[in-house]
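> here is a sequence together with a model predicted from it:
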Amino acid sequence: MGLRRAWQRCRMVHTTFFLICFTFVFYANLQDPIARSLVICDQPLETGNFTGSLGCGDRNLVIERGQDFMSCARATRLAVTLCSCTAMGAISDIYGRRAFILLYTFAMLIAVSCHIVAPLLVPTATWWVFMASSAFTGFFSIDQNGYRLILADMAEQDHDKSELGELLQFQALIQAVGSASGVGASLVVNSLHLESYQQVAVPVAGLLCCCLLLEASLEETRPPGKRDVAAGERQQSLKVTGIESYRLLKGSVYLRKKLPLVLCGGVLEAFGPLLNPWTMAVYGWEQEAVGKLIVMGAPMALICMGLSLPVAERLGERRTVTFCLALGILVLPVTFALLPISPKFLHMAHLVFMINQTGTRSLLSAVDMQLTEEDIRARFQSTLSVGKMFVSMMMQPCIAWLFDALGQDYLTQVRPMLVLAVVVFITNFMQLFSPLGPMYMEALDAITAERLAKRKKAESGEIPSDSDPQPSEEKKKNS
């Protein structure tokens, strides 16, 4: 299908997803500076030495306590998201994908609005407002699953397995561009060294309102079986497709094999936000330097994602995924263990991580969609999200114990990175050599075979080629 056809097929969906990625990443990258600005200690602030907080003059202490605040806020956010994530499958199947993403985007808008209004009403409740606003930002991960379900529904309508993988790869490209743009915007705000971030929440709320308008204009891709339900049958449909319907997943062999991988994924998600305070404490970087590192990773992500499609077409999906997983087993853990020595290893780890993720995430997400039935697909995704969030929530106290911003010896600095290296090794090893590996490879071979068959038909003129600007409309006319 190609990148151009992937854009034309779901133009409105990708545009809306870009805007919501930009908004979330911009607001999420301000959470750490906001938490550090709340730290207060006995050491006075020296003139010209901004430590991240106007109430404390010890920079490492501000980083240490700010990380404790963020660990508590992340645990609260994950708990709130965990409680609401179980309803994802039922809501999206009964009321549609569009209603589902509208609901969770509106929840994020409420969180940002609390950050604007609450300090005006109760000035002494700054910490509690931060906790409440951080709790609702976790809905973005659920919102992201909603957009994946929309793309899966569109590919299901065309009965094309290879199309789903390409759509998800293009969505990953959109997410990388939106995230890099959000980080760049947050760099500008962080360089101002604001005393209060309340005024920043106003444009964030405006962007979320624009997201709501765009999501309301999206085409509904609800499964046909749930689309036209009579008024008398709706109550029975609610009973069948409600929370009790998660019992249908008990017979899923694929889910049982996937659970250990879900646990490792939850640990990786818990370690992700640690990069920001860890680099500031070990390398002595400022918040702007960390943001520049993430922005510099955007061109690498774009290059890797741009090369992933032609490489997969030339080598095949199986070989592409195997190579990327091998990098995650042999190279990535070593670079994590060497991070305290020099920032050069951080750039190397960043590059290897980009290659590993761009070569596996989209294709393996397409495999997840294909190996689950359509009527339980949304529940399967919500179950994976619940598992990752639960593990990530449980890991927050452990991460707070592993990270010590005041420690100066190598073992203290490398301790969290060693744990991360072990988890990365286990995650990639399980995807390649566990009982889940053959299922992955068989599904990837099926995607390759269908793509080759589709190309052969396109060369013979039986189906429209990639140069056709409106393939989806012709399919609708023919049907």
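Cool, the structure landed. Residues are numbered from 1 along each chain as shown.

> make sure Ser392 is actually in contact with Cys264.
No. Ser392 lies out of contact with Cys264 (CB atoms under 8 Å); the separation is 11.2 Å. (Glycine included, C-beta is placed from N, CA and C.)

> so these two - more neighbours on which side?
Per other CB atoms under 10 Å, whichever of Ser392 and Cys264 has more neighbours is Ser392, with 27 against 21.

> and the more buried one, how far from Cys324?
Here the criterion is CB to CB, to the nearest Å. By it, Ser392 lies 23 Å from Cys324.

> ok, now Thr372?
Relative to Cys324, and taking CB to CB, Thr372 is found at 23 Å.

> compare those two and say which is more crowded by neighbours.
Between Thr372 and Cys324, counting by other CB under 10 Å, Cys324 is the more crowded of the two (25 against 20).

> who's in contact with the more buried one?
By CB atoms under 8 Å, 6 or more residues apart in numbering, the residues touching Cys324 are Ile355, Asn356, Thr358, Gly359, Thr360.

> which single one of those residues is nearest to Pro340?
Checking the contacts of Cys324 against Pro340 with CB to CB, the nearest one is Asn356 at 21.4 Å.

> quick check, the closest one in contact with Leu325.
Yes. Contact criterion CB under 8 Å: Asn356 and Leu325 qualify, at 7.4 Å.

> identify the contacts common to the two.
Asn428.

> the helices in the stretch 251-400 of the chain, which residues?
Per DSSP state H, counting those that start in this stretch, the stretch 251-400 of the chain carries helices over the ranges 253-271, 275-282, 287-315, 317-330, 332-337, 343-370, 377-402.

> lowest average pLDDT across those helices?
Lowest mean pLDDT within the helices of the stretch 251-400 of the chain: helix 287-315, at a mean of 74.

> chain center to it: distance?
Relative to its chain's centre, helix 287-315 lies at 15 Å (CA atoms, centre = their mean, to the nearest Å).

> swap in stretch 335-355?
Using CA atoms, centre = their mean, the offset of stretch 335-355 from its chain centre is 21 Å.

> what sits up against it?
Contacts of stretch 335-355 (CB under 8 Å, 6+ apart): 279, 282-283, 293, 297, 300-301, 304, 324, 327-328, 331-332, 410, 413-414, 417-418, 420-421, 424.

> same question, stretch 270-281
Under CB under 8 Å, 6+ apart, the answer for stretch 270-281 is 32, 60, 63-64, 66-67, 70, 74, 285-287, 289-290, 293, 343, 346, 391-392, 395-396, 399, 403, 405, 413, 416-417, 419-420, 423.

> tell me which residues in it are buried?
For stretch 270-281, the neighbour count (16 or more other CB atoms under 10 Å) marks Ala270, Phe271, Pro273, Leu274, Leu275, Asn276, Pro277, Trp278, Thr279, Met280, Ala281 as buried.

> and which of those is nearest Leu45?
Of all those, Leu45 sits closest to Met280, with 17.2 Å by CB to CB.

> rewinding a little: so which of the helices of the stretch 251-400 of the chain is nearest Ile116?
Per CB to CB, nearest to Ile116 of the helices of the stretch 251-400 of the chain: helix 287-315, 22.4 Å.

> what packs against that closest one?
Under the contact definition 3 or more CB pairs under 8 Å, 6 or more residues apart in numbering; DSSP states H and E, helix 287-315 sits against helix 2-9, helix 161-190, helix 275-282, helix 317-330, helix 343-370.

> nearest to Glu219, out of the ones you listed?
helix 2-9 (11.7 Å).

> can you state the direction angle for the helix or strand following the closest one and helix 287-315?
Using DSSP states H and E, the helix or strand that follows helix 2-9 in sequence is helix 11-28. Counting by axes from the mean of the first three to the mean of the last three CA atoms, to 10 degrees, helix 11-28 lies at 150 degrees to helix 287-315.

> if you rank every helix and strand of this structure by mean pLDDT, what lands last?
Taking mean pLDDT, DSSP states H and E as the measure, the helix or strand of the chain with the lowest value is helix 231-241, at a mean of 40.

> nearest residue to Pro416 in space, please, no chain neighbours.
Closest residue to Pro416 apart from its sequence neighbours, by CB to CB, 6 or more residues apart in numbering: Leu402 at 4.2 Å.

> what is the burial count for that neighbour?
There are 18 residues near Leu402, going by other CB under 10 Å.

> which residues touch it?
Contact analysis of Leu402 by CB under 8 Å, 6+ apart lists Arg415, Pro416, Val419.

> go on, Ala301?
Leu173, Ala176, Ala180, Met354, Thr358.

> put the alpha carbons of stretch 57-65 into CSV.
Extracted as CSV, the C-alpha positions of stretch 57-65 are listed here (Å, rounded to 0.1, in the frame of the first residue of the first chain):
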residue,chain,number,x,y,z
GLY,A,57,18.8,25.5,46.7
ASP,A,58,20.1,21.9,46.5
ARG,A,59,19.7,20.7,42.9
ASN,A,60,20.2,17.0,43.5
LEU,A,61,17.8,17.1,46.4
VAL,A,62,15.2,18.8,44.2
ILE,A,63,15.7,16.0,41.6
GLU,A,64,15.4,13.3,44.3
ARG,A,65,12.2,14.6,45.9
